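K.L.:
next come a sequence and a model predicted from it.
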Amino acid sequence: MQPINTALCSYGMSGHVFHAPFITVSPNFNLYGVFERTKNEAQKNYPKVKTFRTLESMLIDDSIELVVINTPNVTHFDFTKKAINAGKHVIVEKPFTATIAQAEELIQLAKEKNVLISVYQNRRYDSDFKTVQKVLNEGLLGNIVEAEMHYDRYDPVLSYKTHKETPTEGVGSIYDLGSHSIDQALVLFGMPEAVFADLNSFRPQSKVGDYFDVKLFYKSHRVILKSSYYVREALPGYIIHGTKGSFIKPKTDVQEKDLQSGKIPGSHNWGMELDTDSGLLHTEIDGEVIKKHIPTLKGDYMAYYNAIYQALRNNKQVPVSAEEGLNVIKIIESALKSHKEGRVVYL
């Protein structure tokens, strides 16, 4: 079948690291164009790519079938709406939108225009998360009692990306890193009944949230999502306790680091963690208590783009649907409300 002509709305870190390498490696896609207002950075790596100076000029190009909205969070709603109205299929970087109302409007518009929307939640394809998901799916821990997930960093200096540090819609760690953790929690456990959140800012001069502690309430268990920019000694990314046992897994997917170093997706040992980063399983199987490290599954962001191709060409299920993106925003809005009002918010 014909490769999908794809255009990026920017060629910063996201375009250069997370999208262009996969689009160009896959025979199912063609990196047709990039929106760059003044520079020609994409052409340095991909000489055949077409550079657009305005979003409007890119969206009227009939050769483009798929547009990736990988611009600052505050632009997601406006840019996605324009792309849908232009009849383009859309991949939107997380967070999908800043508000529930925006997400619902885009979902309805996409249905009217008969175009696909998918939210780029690449952390579903991290090696560590895939391994946690396998352990839970196999029932190795029994009934889950508590799950704690960390997305921590040690980065006390404000980001050079001013759009991430300017208090506008959709900004702050709950939208940035929180979108990943919330999405993973919803994949594993579904929508909770209620949310309680402590959101804060601890870096000097920070004007946006850089810390969150969110608790999701389910009938049978609790899920805790935490993030801080002041964690020099990394905690496990995943701590899962069940009625039969526990699974502890470091957050150690290698794909982002490899992409930043220029490694080509699909090359030798792609997505493979070190054996020393494997997770610890301590549980009971067939009456026998076991405690051992288990192999980590291979991380594979290409699986997302493969699924996009199948959705567009063969009417398969969309990876990370707009509705799933909306659910993440529902949790974020509930967390913001919980923090503001100091109470548990029921969904």
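P.N.:
All right, it came through fine. Numbering: from 1, shown residues only.
K.L.:
and the chain, what are its domains?
P.N.:
Taking automatic domain parsing as the reference, the chain has its domains at 4-122+304-316, 127-299+331-346.
K.L.:
strands of the stretch 151-300 of the chain, start to end?
P.N.:
194-200, 211-217, 222-228, 238-242, 246-249, 279-285, 288-294 (DSSP state E, counting those that start in this stretch).
K.L.:
can I get the third one in CSV? Just the C-alpha atoms.
P.N.:
This points to strand 222-228. Taking Å, rounded to 0.1, in the frame of the first residue of the first chain, the C-alpha atoms of strand 222-228 are listed here in CSV:
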residue,chain,number,x,y,z
ARG,A,222,-5.1,2.2,45.5
VAL,A,223,-2.8,3.6,42.9
ILE,A,224,-0.2,6.3,43.9
LEU,A,225,1.4,8.4,41.2
LYS,A,226,4.4,10.6,42.2
SER,A,227,6.9,12.9,40.6
SER,A,228,9.5,15.3,41.8
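K.L.:
thinking again about what came up before, just say which of the domains of the chain is most tucked in.
P.N.:
domain 4-122+304-316 (a mean of 19; mean count of other C-beta atoms under 10 Å). Glycine gets a C-beta too; all of them are placed from N, C-alpha and C.
K.L.:
make JSON lines from the domains of the chain and add mean pLDDT and distance to E324 to it.
P.N.:
Shown next, in JSON lines, are the domains of the chain (pLDDT from 0 to 100; distance: least, C-beta to C-beta, whole Å):
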{"stretch": "domain 4-122+304-316", "mean pLDDT": "97", "distance to E324": "7"}
{"stretch": "domain 127-299+331-346", "mean pLDDT": "97", "distance to E324": "7"}
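K.L.:
to A322, which of those lies closest?
P.N.:
domain 4-122+304-316 (4.1 Å; C-beta to C-beta).
K.L.:
distance between the closest one and the chain's centre?
P.N.:
15 Å (C-alpha atoms, centre = their mean, to the nearest Å).
K.L.:
in the protein, which helix has the most residues?
P.N.:
Taking DSSP state H as the criterion, the chain has its longest helix at helix 322-341.
K.L.:
orientation of that helix relative to strand 194-200 in degrees?
P.N.:
60 degrees (axes from the mean of the first three to the mean of the last three C-alpha atoms, to 10 degrees).
K.L.:
hmm, who's touching helix 322-341?
P.N.:
Applying C-beta atoms under 8 Å, 6 or more residues apart in numbering, the set of residues contacting helix 322-341 from outside is 92, 94-100, 103-104, 106-107, 110, 117-119, 121, 174-175, 178-179, 182-183, 186, 191-192, 195-199, 212, 214, 216, 344-345, 347.
K.L.:
from those, which land in helices?
P.N.:
Judged by DSSP H, the contacts of helix 322-341 include 100, 103-104, 106-107, 110, 174-175, 178-179, 182-183, 186 as members of helices.
K.L.:
and those residues as a markdown table, adding distance to K340?
P.N.:
As requested, these are exported to a markdown table (distance: C-beta to C-beta, whole Å):
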| residue | distance to K340 |
| --- | --- |
| I100 | 16 |
| A103 | 20 |
| E104 | 22 |
| L106 | 25 |
| I107 | 26 |
| A110 | 31 |
| I174 | 12 |
| Y175 | 15 |
| G178 | 16 |
| S179 | 19 |
| I182 | 18 |
| D183 | 23 |
| L186 | 22 |
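K.L.:
how far away is the closest residue to S179 other than its chain neighbours from V231?
P.N.:
Counting by C-beta to C-beta, 6 or more residues apart in numbering, the nearest residue to S179 once its immediate chain neighbours are dropped is K94, at 4.0 Å. Going from K94 to V231 by C-beta to C-beta, to the nearest Å gives 21 Å.
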